[in-house]
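J.: what follows is a predicted protein model with its sequence.
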Amino acid sequence: MYTNYFYKFTFLITLTAFFSCAEQDPIIEYVTVTETVIETITETVLKTVEVEIDAYTDSTLEGNITSDKTLDPSKIWLLKGRVSVVKDVTLTIPAGTIIKAAAGTGADASTLIIARGGKIDAQGTADKPIVFTSISDNIQLGGTYPINGPSLTVESRGLWGGLLILGNAPCSFSGDVTELQIEGIPTSDTNGLYGGINTEDNSGIIKYVSIRHGGAEIGEGNEINGLTLGGVGSGTTIDHIEVIANVDDGIEFFGGTVNASHLLVWGQGDDALDIDQAYAGTIDGALVVLTSASDHGLEIDGPEGSAEGSFTLKNATVYGASFNCNATGVDGEMADFRKGATGHLENILFRDFSIGKDVELDASADAETYSSGKLTFTNIDIIYPLDNDGNVCSAVETLDKIFDDKTDPVESTFEIDALTFAEIVTEQQNGNGVDESVFSWTFYSKNK
């Protein structure tokens, strides 16, 4: 008798994917394989084994992107570690693309950096937004969810890093240096440098982009913002951006001249919109919704060097975090102006903030910029919160208490002037706040 061996592998159709169990590693799909072994002419032995297959074999972003790359929207992509689009390279992300980031903390937390001279072309649409999220998110191709709904909520924070766009536009740095390393990126990585002299610098386009569940800690007390804009120039397009459940700030502007429109921040852990280092662009149309985890709605700092800049923030609505007339959360202030803030705010609506929450000039430097006309306020409305019976809360404050010059003795007319530039209203007025219908495409609108 002789023995002859033949091997045949038959792949069954069913794939079992485990999406929620592996935050640090790529998702692994297990494929059932039936192995038929013919050992003799008269005897057949069947064996069943499972073979691991990396679901992201050809859809992983890792390390430096050194040549132009376009993502395939028919695949879910894995962002693994610190990924940089370097100078003279463009990363194109088509409408509807979903990018899930591997978990991790420290300097190598999963983060996408568009370095100076690099570009991003991420043009989503209202029907097909581009989504950056965590590998723990059960969002599926097409932006849909299983019948039981999303696995992550606005309370799911810090599961990956964030998106950083860095440019060559002017910033006001201490010591009047012309460039600086962005916070959150190790100084050994020169892709983290930002700042320059080109006011019209172009870092690309991001439109209809949703950034969710980020802000991983990279050092004690140091987290990454949902969207960081460092020295980004006016040639860049920032429009229809949503940041959900970030540990640190929602969107932070470090200098630069870029204009941004239709921004939504919901449930961040620190400040929703943060301005630093003499940002000199215009933010037109913003919706901020604080939760119990949130700090300030707006935090505005002045220049750090001798160069001055002046921003404009207009047509924005900021919701406070309160329940039955009582404040919830760690702080939840309306706005804080610090370090000689300079800029112009117009058509801003603050609503549902409880007693004790204010718009604050932090110190003498801010009283001075206000008095000199470098910090201005026009058409600011306040809507008081309601109790469970639908009545305006009884413990509310007058305008001269809401608008607070913290210097002692008071060094400006800010509190008195509030009677002329601000008003307490019972409903949103035409020409004030933002039209919230423009955010109907967002995760917030569909899951609030």
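T.: Received the coordinates, thanks.

J.: contacts, neighbours, all on C-alpha from now
T.: Will do.

J.: where does the stretch 1-150 of the chain dip in pLDDT?
T.: Within the stretch 1-150 of the chain, the stretches with pLDDT under 70 are 1-53.

J.: go again with 90.
T.: Under the criterion pLDDT under 90, the flagged ranges of the stretch 1-150 of the chain are 1-57, 103-109.

J.: what ranges do the strands span in it?
T.: Assigned by DSSP state E, counting those that start in this stretch, the stretch 1-150 of the chain shows strands spanning 6-17, 28-38, 44-54, 60-65, 69-70, 76-85, 90-93, 98-101, 111-114, 119-123, 130-134.

J.: list the contacts for Glu397?
T.: 355-356 (CA atoms under 8 Å, 6 or more residues apart in numbering).

J.: gap between it and Ile99?
T.: 45 Å (CA to CA, to the nearest Å).

J.: now do Val89
T.: Distance of Val89 to Ile99, computed by CA to CA: 19 Å.

J.: and Ser372, by the same measure?
T.: Distance from Ser372 to Ile99, by CA to CA: 47 Å.

J.: what of Ser371?
T.: According to CA to CA, Ser371 stands 47 Å off from Ile99.

J.: please say which of these two ends up with more neighbours.
T.: Ile99 (24 against 15; other CA atoms under 10 Å).

J.: what's the separation between that one and Thr228?
T.: Computed as CA to CA, the Ile99 to Thr228 distance reads 18 Å.

J.: with Thr257 instead?
T.: In terms of CA to CA, Thr257 sits 14 Å off from Thr228.

J.: ditto for Lys119
T.: Lys119 sits 15 Å away from Thr228, going by CA to CA.

J.: ok, Thr97 next?
T.: For Thr97, the distance to Thr228 - CA to CA - is 20 Å.

J.: can you list the low-confidence ranges for the stretch 251-400 of the chain?
T.: 321-333, 354-356, 385-398.

J.: one more pass at 80, please.
T.: Applying pLDDT under 80 to the stretch 251-400 of the chain flags residues 329-332, 394-396.

J.: which residues of it fall in strands?
T.: 251-254, 260-266, 273-276, 282-289, 298-301, 311-319, 322-323, 326-327, 335-338, 343-351, 359-361, 375-383.

J.: I'd like to know which elements the second one is packed against.
T.: Using 3 or more CA pairs under 8 Å, 6 or more residues apart in numbering; DSSP states H and E as the contact definition, the elements that strand 260-266 packs against are strand 237-244, strand 282-289.

J.: single out the most deeply packed of the ones you listed.
T.: strand 237-244 (a mean of 25; mean count of other CA atoms under 10 Å).

J.: list of residues touching that one?
T.: Outside strand 237-244, the residues that reach it (CA under 8 Å, 6+ apart) are 154, 204-213, 226-227, 250-251, 258-268, 439, 442, 444.

J.: again, 7 Å this time
T.: By CA atoms under 7 Å, 6 or more residues apart in numbering, the residues outside strand 237-244 that reach it are 154, 204-213, 226, 250, 259-268, 442.

J.: what domains does the record give for this protein?
T.: Domain ranges of the chain: 6-54, 60-447, per automatic domain parsing.

J.: of those, flag the one that's most buried.
T.: Counting by mean count of other CA under 10 Å, domain 60-447 has the highest mean neighbour count of the domains of the chain, with a mean of 21.

J.: Asn347 versus the nearest residue to Leu419 once chain neighbours are set aside, what's the distance?
T.: Spatially, and ignoring its direct neighbours in sequence, Leu419 is nearest to Leu399 (6.5 Å; CA to CA, 6 or more residues apart in numbering). For Leu399, the distance to Asn347 equals 16 Å [CA to CA].

J.: what does Lys448 give?
T.: Per CA to CA, Lys448 is found 24 Å from Asn347.

J.: show the end-to-end separation of stretch 405-412, please.
T.: Start-to-end, stretch 405-412 (CA to CA) is 7 Å.

J.: actually stretch 198-215, not the one I typed
T.: From its first residue to its last, stretch 198-215 covers 29 Å (CA to CA).

J.: thinking Thr317 is in contact with Ile348, fair?
T.: Yes. If you go by CA atoms under 7 Å, Thr317 and Ile348 touch, sitting 5.9 Å apart.

J.: common neighbours of these two, please.
T.: Residues touching both Thr317 and Ile348 (CA under 7 Å, 6+ apart): Gly433.

J.: roughly how far does Trp160 sit from Lys207?
T.: Distance from Trp160 to Lys207, by CA to CA: 21 Å.

J.: who's in contact with the closest residue to Thr178 other than its chain neighbours?
T.: Nearest residue to Thr178 in three dimensions, chain neighbours excluded: Gly196, at 5.6 Å (CA to CA, 6+ apart). Contacts for Gly196 (CA under 7 Å, 6+ apart) come out as 168-170, 178-179.

J.: next one: Glu200
T.: 233-235.

J.: do the same with Pro94
T.: 71, 73, 122-124.

J.: would a markdown table of those residues with distance to Gly142 be doable?
T.: Shown next, in a markdown table, are those (distance: CA to CA, whole Å):
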| residue | distance to Gly142 |
| --- | --- |
| Leu71 | 15 |
| Pro73 | 9 |
| Ala122 | 16 |
| Gln123 | 15 |
| Gly124 | 12 |
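
J.: now, which of those sits nearest Tyr145?
T.: Pro73 (16.7 Å; CA to CA).

J.: report the separation between that closest one and Asp201.
T.: 28 Å.

J.: do the same with Pro186
T.: Pro186 is 24 Å from Asp201, by CA to CA.

J.: same check, this time on Thr111
T.: 22 Å.

J.: one more: Leu229?
T.: Leu229 is 13 Å from Asp201, by CA to CA.

J.: cool, Thr312 as well?
T.: 19 Å.

J.: need the contact list for Val131.
T.: Per CA under 7 Å, 6+ apart, neighbours of Val131: 97-99, 209-211.

J.: and the two most separated of those residues?
T.: Checking these with CA to CA, the most distant pair is Thr97 and Ile211, at 12.3 Å.

J.: follow-up on the earlier one: out of the contacts of Gly196, which sit inside helices?
T.: Using DSSP state H, no member of the contacts of Gly196 falls within helices.

J.: what's the helix or strand for the closest residue to Ser440 other than its chain neighbours?
T.: Sequence neighbours aside, Lys446 is the residue nearest to Ser440 in space, at 7.4 Å (criterion: CA to CA, 6+ apart). According to DSSP states H and E, Lys446 maps onto helix 443-447.

J.: from the rest of the structure, what touches that helix?
T.: Against helix 443-447 from outside (CA under 7 Å, 6+ apart): Phe439.
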